[in-house]
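Asks: any chance you could fold what I've pasted below:
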Amino acid sequence: MLPSSHLVPIQQPRQGMRGGAEALADAFSDFSLAAGRLETSYQELQKEVAQLRAVLAARSQALRSSQAENTQVKLALRRIVDSLPCGVIVLEEQGHVSLINPEAQRLLGLAGEKIESLADTPLHRHRSLAVAMESPTSDESEDELCVTTPSAARWLAVRSRHFLQDSRGSVTAATPSYPRQQTILIVRDITHHKKLEEEREAARRVVALAETSAVLAHEVRNPLASLELFVGLIGEGGMEATECVPHLRAGLRKLAATVNNVLRWQSNGSLQLSPVVLADAMRSAVEFARPLAQQKQIELALTDRAGDMVIAGDENAIQQLVLNLVLNALHHTPAGGGLQITVTRLESDSEVKATIEFRDTGCGIAAEMLPLLFKPGFSASGRSPGLGLAVCQKITEQHGGSIRVSSRPGEGTLVVVEIPAAR
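Replies: Down below sits the predicted model:
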């Protein structure tokens, strides 16, 4: 059977074929345009790739340069740390030593040991280093410790600082709320300074001993001269022994007061406090000093308004305090004058205390001298560099009390001592 296409005239479908060719031509044209644009995009992409390669190459070169610089900086910093005259130790969170310079190894007697072998035990042998590693505080602190190494024993000052390090490597100071991850220890050899301090302390003691000897010699000389005078008068028959007894007693008690002052001033220990009836200690001290007042013809009176008040104190120290203040008043009060001592009990909502007033009719003290009265070796009269008032201040402070002086030239002097009652 013949195909049916012959039934259609051949000339008729040409018009449709022309339309298909035009569409094909248009499609080919669109394809050519798309191919051109694709070619252009590809060329632009090639340019961008070339630019990116150039940038990447430049950045790679910069990174290599930066790494080289960092390596050089690290080497330079390590050389600096290794050449420092002090020891430097960097400890990580678990006490692992990540850096220790030769000076630190020398100071700690660890020279020649590798960092890996210093993780824990060698450094923990030193108490202050262990404390510095364990302490969470961010404040800088410095401890002193004595280290004995095979070569020598030396004193070291160890300063510590703790830091936090986050995931990005940023370092900040640690705080009490956050434990530190890294500790930097700076170790200095202070052996020479310690020796200088010991030498200065020894020199200070020598000077203090010389000053004390001078004060003691000056204070002892006058009573000894008086004693020698009265003993001579007795020996020559110029005075009856009974007439000289008060003078001899006064001189001996003044000597005892002077020696006790020197011993108490040189003593650095604390007092052994126990219950003391203040009135009894006061009466005993006043009676001990009465021959001195009689010798100078000065009226000495004691008024007790404290009753059986008890203080926590040292009875001998209280008596020395009273004796010193009596002697000081007698020294500045002319014959015919008086010294009134009054003991009062004072109570308030917060405390109970005793107030002891020493009021004399002496020559008084200038205002500019008042701040200097309790300085060791100072004398308002300028005639005797005594320790009396300095010892009084020391005794009062040891009893938890206070002492103050008020005076005007020609109007006498008032000394007030306050001591808290026993609880």
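
Asks: could you look up the SS state of Ile311?
Replies: strand (DSSP: H, G, I helix; E, B strand; the rest coil).

Asks: now do the same contact list for it.
Replies: Pro275, Val276, Leu278, Ile318, Ala354, His399, Ile419, Pro420, Ala421, Ala422 (C-beta atoms under 8 Å, 6 or more residues apart in numbering). C-beta: built from backbone N, CA, C; applies to glycine.

Asks: so Cys86 touches Leu185, yeah?
Replies: No - counting by C-beta atoms under 8 Å, Cys86 does not reach Leu185; the two are 10.1 Å apart.

Asks: compare these two (neighbour count), which wins?
Replies: Neighbour count, other C-beta atoms under 10 Å: between Cys86 and Leu185, Leu185 has more, with 21 against 16.

Asks: now the more buried one, nearest residue through space, not along the chain?
Replies: In this structure, Leu185 finds its nearest non-sequential neighbour in Ile89, 4.2 Å apart by C-beta to C-beta, 6 or more residues apart in numbering.

Asks: ok, now which ones touch that neighbour?
Replies: Per C-beta under 8 Å, 6+ apart, neighbours of Ile89: Val97, Leu99, Ile100, Asn101, Ala104, Leu123, Leu129, Ile184, Leu185, Val187.

Asks: partner strands of the helix or strand in which it is found, parallel or antiparallel?
Replies: Per DSSP states H and E: Ile89 is located in strand 87-92. Using DSSP bridges, the strands paired with strand 87-92 are strand 97-100 (antiparallel), strand 182-189 (antiparallel).

Asks: reformat these as CSV; add distance to Ile365 and mean pLDDT.
Replies: Formatted as CSV, the strands paired with strand 87-92 follow (distance: least, C-beta to C-beta, whole Å; pLDDT from 0 to 100):
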stretch, distance to Ile365, mean pLDDT
strand 97-100, 63, 83
strand 182-189, 49, 86
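
Asks: need the ones you listed in CSV (columns: distance to His162).
Replies: Shown next, in CSV, are the strands paired with strand 87-92 (distance: least, C-beta to C-beta, whole Å):
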stretch, distance to His162
strand 97-100, 14
strand 182-189, 5
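
Asks: closest one to Met282 among those strands?
Replies: strand 182-189 (54.6 Å; C-beta to C-beta).

Asks: top helix in this structure by residue count?
Replies: The single longest helix within the chain, with elements called by DSSP state H, is helix 14-83.

Asks: tilt between that helix and strand 87-92?
Replies: 140 degrees (axes from the mean of the first three to the mean of the last three C-alpha atoms, to 10 degrees).

Asks: I figured Gly87 hits Leu110, correct?
Replies: No - counting by C-beta under 8 Å, Gly87 does not reach Leu110; the two are 9.9 Å apart.

Asks: between the two, which is the more surrounded one?
Replies: Gly87 (23 against 20).

Asks: gap between the more buried one and Ala256?
Replies: As judged by C-beta to C-beta, to the nearest Å, Gly87 and Ala256 stand 56 Å apart.

Asks: go on, Thr361?
Replies: 26 Å.

Asks: higher neighbour count, these two?
Replies: Thr361 (19 against 14).

Asks: how close does that one sit to Pro409?
Replies: Counting by C-beta to C-beta - Thr361 and Pro409 are separated by 13 Å.

Asks: can you list residues touching both of the two?
Replies: Common neighbours of Thr361 and Pro409, using C-beta under 8 Å, 6+ apart, do not exist here.

Asks: now do the strands in the protein.
Replies: 87-92, 97-100, 141-148, 153-165, 171-173, 182-189, 274-277, 299-305, 310-313, 338-347, 352-360, 402-407, 413-420 (DSSP state E).

Asks: now render these as a markdown table, adding distance to Val322.
Replies: Below are the strands of the chain laid out as a markdown table (distance: least, C-beta to C-beta, whole Å):
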| stretch | distance to Val322 |
| --- | --- |
| strand 87-92 | 57 |
| strand 97-100 | 63 |
| strand 141-148 | 43 |
| strand 153-165 | 45 |
| strand 171-173 | 56 |
| strand 182-189 | 51 |
| strand 274-277 | 12 |
| strand 299-305 | 9 |
| strand 310-313 | 12 |
| strand 338-347 | 8 |
| strand 352-360 | 8 |
| strand 402-407 | 12 |
| strand 413-420 | 9 |
